[in-house]
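**Student:** Make a model of this:
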Amino acid sequence: MNTMTLDRAGAAPAAPRSPIADDRAMLKAAADLTRDLSAPRPAIYWADLVASAVVGYAALVVAIVATPLWATVLAALIAMLALYRGMSFIHELTHVKHASLPGFRTGYNALIGVPMLVPSFMYEGVHNLHHARTRYGTSEDPEYLPLALMKPWSLPLFVLIAALAPIALIVRFGVLAPLSVIVPPLRRVVVERYSALAINPHFRRRMPEGAARAQWNRIEAACAVWAMTLIALVASGTMPLRTFAIVIAVASSVAVVNQLRTLVAHLWENEGEAMTVTAQYLDTVNVPPPATLPALWAPVGLRYHALHHLIPGVPYHALGEAHRRISAALDPASPYHRASYAGMPGLVAKIARSTMLPR
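**Tutor:** Below you'll find the model as predicted:
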């Protein structure tokens, strides 16, 4: 998932590279060895989502009422990690067949999407374009920028700007959404430019139609009511500034951690040309075991992001087994193994070094 935008203008021209041909053995193994893993297990989805929400909000309450600073900080950290995990289910919603998980979209929006102002429609209809065979890594990909080819200052800006996401979302839903109902030209701008979790600043959403529009409007109305309520509670003094500051700090931390994960989800080395599936895979990142911290900063299957690009229909809870099967079946020389990395620090360093190379 991606949250904030950065212009391609910071990118320097890259030298043309030889195209990477598809590795048929890898693609065939990924498909053949995971056919029995494609069914989502509702009990796992619901238990994980509900537990993340309960732990997250309970820890947030503790952070607000705690007196010692250490207790506030510790509880806020737990709240951030749990709510971040809950928010990560928005990614699963874009891939899962809703008939196999009845009510899960509603559950996500009620527990996470509306309270965190990250409703499901911000990603549905957007993320699938990132997986389109001919769009990945091009100017038509809403979730791609050639970050590794940009200027060194672009990386810290890319991460730090995410800290403003909670305030931006409150303005989007609490101010712009109600105004756009009575100002039609503003409505188009809000939908096209401020209704997608995308990093490509040139991406524009289409206006929703039919049943999707009715669903969008219901969820957006709930978000607007909640955002306006927050504004009113703070403006009237009903919600103390300390409480609001803690809530915003936790939400900002969720956005920053997600942006850091986004930064290392790909190598970001493509300058706009169409890529083969194998090239897309090698531009994407797995951080499998024995690394343990990715379970926190890349939850809900996101630690297997490269594998997910090979088999996007496999649910998050089956990706670990899929990785074990494919890793064991393929020769050590297979490109499959080249997408695995040890952790975030090395990946950040790799991308940062790339931004410093002369172009």
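
**Student:** show me where pLDDT drops low in the protein?
**Tutor:** Applying pLDDT under 70 to the chain flags the ranges 1-18, 359.

**Student:** just checking, what's the longest helix in it?
**Tutor:** Longest helix in the chain by number of residues (criterion: DSSP state H): helix 210-235.

**Student:** Name the residues of that one that are buried.
**Tutor:** 215-216, 219-220, 222-224, 226-228, 230-231, 234 (16 or more other C-beta atoms under 10 Å). Every residue, glycine included, has its C-beta placed from N, CA and C.

**Student:** Same check on stretch 130-150?
**Tutor:** 130-131, 135-138, 140-150.

**Student:** Now do the helix or strand where residue 323 lies: everything it contacts.
**Tutor:** Using DSSP states H and E, residue 323 sits in helix 319-329. Around helix 319-329, the neighbours that count as contacts under C-beta atoms under 8 Å, 6 or more residues apart in numbering are 26, 29-30, 33-34, 37, 286, 288-289, 301, 304, 307-308, 311, 314, 336-337.

**Student:** Produce a PyMOL select command limited to the buried residues of the residues you listed.
**Tutor:** Of those, the buried ones go into a single PyMOL selection, burial set by 16+ other C-beta under 10 Å:
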select buried, resi 26+29+30+33+34+37+286+288+301+304+307+308+311+314+336
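
**Student:** From the contacts of helix 319-329, which land in strands?
**Tutor:** Counting by DSSP state E, none of the members of these fall within strands.

**Student:** Next up, the contacts around the closest residue to residue 119 other than its chain neighbours.
**Tutor:** Spatial nearest neighbour of residue 119, excluding adjacent residues (C-beta to C-beta, 6 or more residues apart in numbering): residue 113 at 4.1 Å. Residues near residue 113 by C-beta under 8 Å, 6+ apart: 90, 119-120, 219, 223.

**Student:** how far away is the residue nearest to residue 167 when sequence neighbours are not counted from residue 242?
**Tutor:** Among residues not flanking residue 167 along the chain, residue 248 sits closest, at 7.0 Å (C-beta to C-beta, 6+ apart). Going from residue 248 to residue 242 by C-beta to C-beta, to the nearest Å gives 11 Å.

**Student:** likewise residue 54?
**Tutor:** 24 Å.

**Student:** One more: residue 195?
**Tutor:** Applying C-beta to C-beta to residue 195 and residue 242 gives a distance of 32 Å.

**Student:** neighbour-wise, which of those two wins?
**Tutor:** The neighbour comparison of residue 195 against residue 242 (other C-beta atoms under 10 Å) goes to residue 195, with 22 against 10.
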